Structure formats: C-alpha cells, structure tokens
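Visitor: only geometry, no sequence info:
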C-alpha cells in the first residue's frame, strides 16, 4: 500500500463500490457492493463496510469495526436497505452500525463529528445527530433517535423507539426506557433525571442566563409537582421569550413514549 495505491493488496473492494481516490483501505478489510466513501476517509485493517453504505468525508473506522451490515431484526427479509453516515466521524474498535429496515425508515442515519468508542452499537433505523459521544459499550436499540451533542456514558443502553434530546447526558450504566429531554442528565435503571448538563452547556457556549433558564425549566418539569401537560404548557410559554428553551419545548410536544421522570 503506497501513496499511489492506498488500498492494501489483501483488501476486498466490490467493483460497484465508489471510493474517493485518497481513501485508505487497510489489510483484510472488506468493502461491499454499492458503497460510497468520501475523500479523506480511512478504513483500518479487518473492517467490514456492508452493502449500500454511504460514508462522507474524513471518517475514520478502526480495526474490527462493522458498518452497514444487515439489521439484527427477525422481520428483516433481505430488502435493500441503507446506512448513511456524514463527515468527520470516528468509529473505534468493534463498533457496529446496522442498516435500516422497511418497517421504518429503511435507513440508519448518522450525522457529522460523532465519536463512537470501542464496542458501541447503533441498531437499525436509528438517527444520530451531530457531535455526539458514545462511550465504551454504549448501545442503542432499533428506531432510537439521539440529538446533537448528547453524551452516552459507558455501558449506557437505550430501549427501542426512545429519543434522547440534544445536550442530554446518560451516566454510565444508565438504562433508558423513556425519552430523555434535551439538557437533562439521567442515571440508573430505569434512568431517572438528576439535574441538567450544566458543564456540557458551558463548554458549548451557552450563556449563564440561558443555563439559568434551562435549570428553571428543569424545575418546572421535575420539581414543581405539575402534571406533565401543565409543565409542558408552561415551558412552551416560557420558550416564546427564551429561544434556548425552544428545543426542550419542541421535544416535549412530541413524546409518544413519555419522558423519564
């Protein structure tokens, strides 16, 4: 493998795959049919990229990761579903991402700038936003949606069809059985709220005033003994004057599984 030939001679690349000229493919890696990989991406040794997977630019996939293989779902019947991944993502050792199913989106989608540490798993039909962090062994079941900047601690697990809002944080070993609203930190089994992700918000440039409003909204939701509908209405009204609360208000307006409370 040289600069002129970045594909290792032991790698197997399907003839229908389309790789940018500078994509590096390591030893014994397999790239399946109808795969598209953007410029600047690096596939380490012993990586498997399943059929109909699209990887954007500057992604790095470490050894023994498997991206875009078929769903672990009894209903899957061989349909040509897809996996779509944006730019600047990192998949560490043994990370796995599965393609969608026709019972849902037919596509598993991951945005930009995400970090998936070793042994993490993204199941079929999931949607992962931008700049999330999946710590070692964090795993999400099928049909889960993860918002931008969310952090999943080591061994955290998310039940199928749940949503985790933007800037939320799941503590290590948290087991999420209902939706986690934006900005909220949860821990335990089942996961329960334990305040707001203040440090994460500060690091991401939220002002002190915005963090204060978010903390007040958390008290409305969890500390004032309001019925969920009443808390939802109050936060929606507050969001009209405080734009930082808009993601929380939108999330609460559509939560079919209910929220972790």
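Guide: Perfect, thanks for sending it. What you see is a predicted model; the values in this text were computed from it and never measured. Residues are numbered from 1 along each chain as shown.

Visitor: Residue 212 - that's part of a helix, no?
Guide: Yes - counting by DSSP: H, G, I helix; E, B strand; the rest coil, residue 212 is found in a helix.

Visitor: What is the neighbour count of it?
Guide: The tally of other residues near residue 212 (other Cβ atoms under 10 Å) stands at 14. To be clear about C-beta, it is placed using only N, CA and C from the backbone, and glycine gets the same treatment.

Visitor: begin at 54 from here
Guide: Done: numbering now begins at 54, and the last item shifts to residue 265.

Visitor: can you tell me how far it sits from residue 248?
Guide: 13 Å (Cβ to Cβ, to the nearest Å).

Visitor: now swap in residue 124 and tell me
Guide: 36 Å.

Visitor: Now do the host helix or strand of residue 239: everything it contacts.
Guide: Element membership for residue 239, per DSSP states H and E: strand 237-240. Strand 237-240 has contacts (Cβ atoms under 8 Å, 6 or more residues apart in numbering) with 218, 221-227, 229, 233, 245-250, 271, 313.

Visitor: Just the buried ones from those?
Guide: 218, 221-224, 226-227, 229, 233, 246, 249-250, 271, 313 (16 or more other Cβ atoms under 10 Å).

Visitor: burial of the closest residue to residue 155 other than its chain neighbours, as a residue count?
Guide: Using Cβ to Cβ, 6 or more residues apart in numbering and skipping the chain neighbours, the partner closest in space to residue 155 is residue 132 (4.7 Å). Counted by other Cβ under 10 Å, the residues lying close to residue 132 total 14.

Visitor: try the one 10 residues further on
Guide: Residues lying near residue 142 (other Cβ under 10 Å) number 28.

Visitor: Also residue 272?
Guide: By the criterion of other Cβ under 10 Å, residue 272 has 12 neighbours.

Visitor: ok, now how distant is it from residue 209?
Guide: Distance, residue 272 to residue 209, by Cβ to Cβ: 25 Å.

Visitor: With residue 64 instead?
Guide: 34 Å.

Visitor: between the two, who's got more neighbours?
Guide: When residue 64 and residue 209 are compared for neighbours, residue 209 comes out ahead with 26 against 20, by other Cβ under 10 Å.

Visitor: That one reaches residue 188, doesn't it?
Guide: Yes - taking contacts as Cβ atoms under 8 Å, residue 209 lies within contact range of residue 188: 7.3 Å.

Visitor: so what sits against both of the two?
Guide: Here residue 209 and residue 188 share the contacting residues residue 225, scored by Cβ under 8 Å, 6+ apart.

Visitor: Nearest residue to the middle of this structure?
Guide: Relative to the mean C-alpha position of the chain, the nearest C-alpha, by Cα atoms, centre = their mean, is the one of residue 181, at 3.1 Å.

Visitor: hey, what's it bridged with?
Guide: Counting by DSSP bridges, residue 181 is bridged to residue 163, residue 199.
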